[in-house]
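1. Need coordinates for the following:
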Amino acid sequence: MLMSKKLKPGQPGTKRLVTQYGTRMVCVRYRYDVVQSKHFKPIKLVIEESVWQSPAPPFQGYEIVPIRIEFNEIHWRDRVKSAGGKWNPNLKLWELKYGQVRNLGLTDRIQQQEVSDNGKLMGTALPPKVSNNGKSKTSIRRK
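-> Below is the predicted model of the structure:
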């Protein structure tokens, strides 16, 4: 099927349809089927309208977000450093602008921060640290 024209409401060739469908009409297309030797005039209509708000992005591009990079992920650590990331020794996380995190494809590594009742950051919900022998630090006995 060939499409020859796409017309907006009010253009010549749409006036009769505008009187029939009013402001619900979005456009008129003229299509031709060479095999069947037929001419088609489909229209696009709005059948429902409701209020919608786009979801807000989780962060603005300039906001600093904490991300987790494991110790042995040297490649990612170097890329984060070259993008302007800073190591936060208190949180034991890397901090980088959200726009850069998104560009690097590391949004799944963003750590959620807990906020206290007074609005101050309490830290992050981090997984337990694991020592070299595979036991968590809390279960290591000291002699």
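2. From the contact counts, what lies against the lengthiest helix in the chain?
-> Longest helix in the chain, counting residues (DSSP state H): helix 74-82. The helices and strands touching helix 74-82, judged by 3 or more Cβ pairs under 8 Å, 6 or more residues apart in numbering; DSSP states H and E, are strand 93-97, helix 98-104. Placement of C-beta: from N, CA and C, glycine included.
3. out of those, nearest to Val80?
-> strand 93-97 (5.2 Å; Cβ to Cβ).
4. ok, residues contacting the closest one?
-> 61-69, 77, 80, 83-88, 111, 124 (Cβ atoms under 8 Å, 6 or more residues apart in numbering).
5. List only those of those residues flagged as buried.
-> 65-69, 77, 80, 83, 85, 111 (16 or more other Cβ atoms under 10 Å).
6. Just give the number of residues close to Thr14.
-> 18 (other Cβ atoms under 10 Å).
7. close enough to count as contact, it and Val26?
-> No - with contact defined as Cβ atoms under 8 Å, Thr14 does not count as touching Val26 (10.7 Å).
8. Tell me the helix or strand right after the longest helix of the chain.
-> Per DSSP states H and E, the first helix or strand lying C-terminal to helix 74-82 is strand 86-88.
9. And the contacts of stretch 24-43?
-> 1-9, 13-14, 17-18, 21, 44-47.
10. where do the strands sit along this protein?
-> 2-7, 25-33, 38-40, 43-45, 64-67, 86-88, 93-97, 113-115, 121-124 (DSSP state E).
11. Pick out the shakiest of the ones you listed, pLDDT-wise.
-> For the strands of the chain, the weakest mean pLDDT is recorded on strand 121-124, namely a mean of 49.
12. Export the helices and strands packed on helix 74-82 to CSV and append columns for mean neighbour count and distance to Lys38.
-> Output for the helices and strands packed on helix 74-82, formatted as CSV (neighbours: other Cβ atoms under 10 Å; distance: least, Cβ to Cβ, whole Å):
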stretch, mean neighbour count, distance to Lys38
strand 93-97, 21, 57
helix 98-104, 18, 49
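13. Relative to Pro55, which of those is closest?
-> With Cβ to Cβ, the closest approach to Pro55 among the helices and strands packed on helix 74-82 belongs to helix 98-104: 15.3 Å.
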